[in-house]
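[1] attaching a predicted model along with its sequence, questions to come.
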Amino acid sequence: MRCRVKFLLGTYLWTLLVFIMAKISFMLFCQEEHPFALTDMWQVVWHGLTLDLSTALYFLILPFLLSIISIWYWAKWLTYILRGYFVLIAIAFALAFVADTSLYPFWEFKLDASCLQYLETPTEAMASVSSVYLVWRFLAIAIASIVIYGGYRPLMLHTACCSSRQWLELLVYILTIPLIVIGIRGGLDESTTNIGQVYYSQNQFLNHSAVNPVFSFLSSFEKTASNIVDYDFYTEDTCQQLMADYYTTTSVDTDTLLTTNHPDVIIILMESAGEVFAKGMPRLQQLKQEGINFANCFANSWRTDRGTVCTYSGYPSFPTSSVMKMPNKTRALPGIASSLQQAGYATTYLYGGDINFTNMRSYLIGTGFSQLIWKDDYKDDERNSAQWGVRDDITFKTLLSLIKHPSDKPRFIGYSTLSSHEPWDVPVKKYDDEILNAFYYLDSCIGEFIDQLKQSPQWKNTLVILLPDHSYDYAGANQTQPDRNRIPMVWTGGAIKGPRQINTICNQTDLAATLLAQLGLTHNQFRWSRDILSRSYQHPLAMHTYRNGFSVTDSTGFMAYDFDVNRIVADKSTDSQRLERIGKAILQATTKDLKELGK
């Protein structure tokens, strides 16, 4: 009996130690953007211990069951099962730890099942990193697997032993089962083991460091991108009362910004170009002065697939669900392209990457884009000019040729840039900081495009709208900071009446209703988009969702709420409780709308 107890106890303690070492490694490898004190390591390990203790018990179940069998019967096949099991979990742990540490600087949240959706298109998923980067990660996985398995292997020597008191030992194991179940559950309270229990700091990096990535990954399967999570905070009547007058679909006395109702329209989605980067983009700043600058616009989401839907369909984003990945839903979405197509416009979408990535093709076609131009339409040397596909300076030339091409119809062109994205591989070197350098390159591409368009006869009748798909964490910025999701939105072109700054708080989802109203078109089908130039827009508010959380901004300030801990994690408003209630009501109502969409 003693030898089996040593085996089980040793297995449990080694698993626990592996989790602790993974935490320390995570903090050390991610410290460049998230500095911390040495004492923070102890705090992270201590506060994360309860989740580690619980998670380690999951991986003790099979050894525990095999130990019970070995009381009565032992054979080599039991050793083979254990050996195979420890090899598998060693590799699984190594994959989880390396993936968690590698993805965190990009995503700023712990490993979860959402990463699996990008494996459907592995080429695109790996375009953000270099070959050297991948080689080092595979090497790290191999070394970590060997180290982890090396700790389990000697423990198996304690399993093959006999017992003269089989029934007594069996009774001990049976009495131990409830303790294991309680440990996995996290106690006898109503709440069960969850990620939020390890949060202890106002510094989100320290909270995330305390989270066990294996538990985070396994517990997130119920919240994958194709699954719609229910948010039932209020009764239907209360929800509607809280949201009253926040989302209106009728334009009243709309201010007019354009010289014509039928301009050629170009929407340029600037990859990741939040306001934090726009400040260092001189040509974009110049366009703000020359054109119409929406100075208080905020992104709805944090990923391209979400931000694209928010922009072109005026449809909200969600903490865990990606609408673009739901073809049964996207076919029922409204679209700026489909509205303009019905008004006689020719519609085109241009993207230098893989247009099949994250189900983009299905979404674009379903929402009214009749012509798609993507990397497969370019020559071999062009489509391989960047990790993600065709470099921005090349696709901007395509955009210019599209707008200059003779047409008997007004044109609507959607265009997504891609070079201002990891691994920031651009053909210029202005700054040592590769991220700032990539946005400088994007800015120069924009400037050259506008300069050439101004020299063409098409300029006079063209409206160019520039805004990003989302922002990006930089220099320590995260979702708890008010300006992290502030984005530029600039309207320029010969079709605007003149320079102007609009300070009204708004979302990128509001582009659809605002633009269509300027063109004299109805926008009633865009239920979650508001004409911010209309007299009916009386409650300016911006809603943003991120992985398992949301933030709200209005005239009272900013508030961020995290579902991992079910509380406000950033309070920079004079009325944060009201913002929390409104945000929850919006999330509840929009989620209900999503569930009913397409039925």
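    Here it is on my side, so go on. Numbering: from 1, shown residues only.
[2] where exactly do the strands run in the stretch 201-350 of the chain?
    Assigned by DSSP state E, counting those that start in this stretch, the stretch 201-350 of the chain shows strands spanning 264-270, 292-298, 346-351.
[3] got the ones you listed as CSV, with mean neighbour count columns?
    Any C-beta I mention is one placed from the backbone N, CA and C, and that applies to glycine too. Listed next are the strands of the stretch 201-350 of the chain as CSV, based on neighbours: other C-beta atoms under 10 Å:
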stretch, mean neighbour count
strand 264-270, 24
strand 292-298, 23
strand 346-351, 23
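[4] quick one: closest of these to residue 503.
    strand 292-298 (5.2 Å; C-beta to C-beta).
[5] how much space between the nearest residue to residue 392 once chain neighbours are set aside and residue 372?
    Among residues not flanking residue 392 along the chain, residue 419 sits closest, at 4.2 Å (C-beta to C-beta, 6 or more residues apart in numbering). For residue 419, the distance to residue 372 equals 20 Å [C-beta to C-beta, to the nearest Å].
[6] with neighbour numbers in mind, choose between these two.
    For the pair residue 419 and residue 372, the greater number of neighbours falls to residue 419 (26 against 18), based on other C-beta atoms under 10 Å.
[7] quick one: contacts of stretch 148-157?
    For stretch 148-157, the external contacting residues (C-beta atoms under 8 Å, 6 or more residues apart in numbering) are 6-7, 10-11, 14, 17-18, 79, 82-83, 86-87, 89-90, 93-94.
[8] so what's residue 64 up against?
    With the criterion set at C-beta under 8 Å, 6+ apart, residue 64 makes contact with 8, 173, 176, 180.
[9] residue 63 too?
    Residues near residue 63 by C-beta under 8 Å, 6+ apart: 7-8, 11, 82, 85.
[10] before we move on, what about residue 553?
    With C-beta under 8 Å, 6+ apart, residue 553 has these contacts: 298, 482, 505, 541-542, 544, 559.
[11] just the ones in strands from those, please.
    Among those, the members found in strands (DSSP state E) are 298, 542, 544, 559.
[12] the helices in the stretch 1-150 of the chain, which residues?
    Secondary structure of the stretch 1-150 of the chain (DSSP state H, counting those that start in this stretch): helices located at 2-29, 38-58, 61-72, 76-107, 122-125, 131-152.
[13] mind checking what secondary structure the residue nearest to residue 392 has?
    coil (DSSP: H, G, I helix; E, B strand; the rest coil).
[14] from residue 62, how far out is it?
    Taken as C-beta to C-beta, the span from residue 419 to residue 62 is 48 Å.
[15] now tell me which helix or strand of this structure has the poorest mean pLDDT.
    Within the chain, confidence by mean pLDDT, DSSP states H and E is lowest for helix 122-125 among all helices and strands, at a mean of 61.
[16] residues of stretch 590-599 that come out buried?
    Neighbour counts over stretch 590-599 (16 or more other C-beta atoms under 10 Å) mark 590-592, 594, 597 as buried.
[17] then stretch 509-529?
    Those would be 509-519, 521, 523, 525-529, for stretch 509-529 by 16+ other C-beta under 10 Å.
[18] so, low pLDDT: which residues of the protein?
    Residues of the chain meeting the criterion pLDDT under 70: 1-2, 71-76, 113-129, 157-170, 188-191, 196, 202, 221-227, 599.
[19] hmm, 50 instead?
    Counting by pLDDT under 50, the chain contains no low-confidence range.
[20] immediately after the host helix or strand of residue 446, which helix or strand?
    Here residue 446 sits within helix 434-454, counting by DSSP states H and E. As assigned by DSSP H and E, the chain's next helix or strand after helix 434-454 is strand 462-468.
[21] next helix or strand past that next one?
    Once the chain leaves strand 462-468, the next helix or strand it forms, by DSSP H and E, is strand 486-492.
[22] neighbouring strands for that following strand, and are they parallel or not?
    strand 292-298 (antiparallel), strand 462-468 (antiparallel) (DSSP bridges).
[23] relative to residue 58, which of the strands of the stretch 201-350 of the chain is closest?
    When the strands of the stretch 201-350 of the chain are compared by C-beta to C-beta, strand 292-298 sits nearest residue 58, at 39.8 Å.
[24] quick one: buried residues of stretch 34-41?
    By neighbour count with 16+ other C-beta under 10 Å, stretch 34-41 contains the buried residues 34, 36, 40-41.
[25] now residue 288: how far from residue 9?
    Applying C-beta to C-beta to residue 288 and residue 9 gives a distance of 65 Å.
[26] more neighbours: which of these two?
    For residue 288 versus residue 9, neighbours defined as other C-beta under 10 Å are more numerous around residue 288 (22 against 13).
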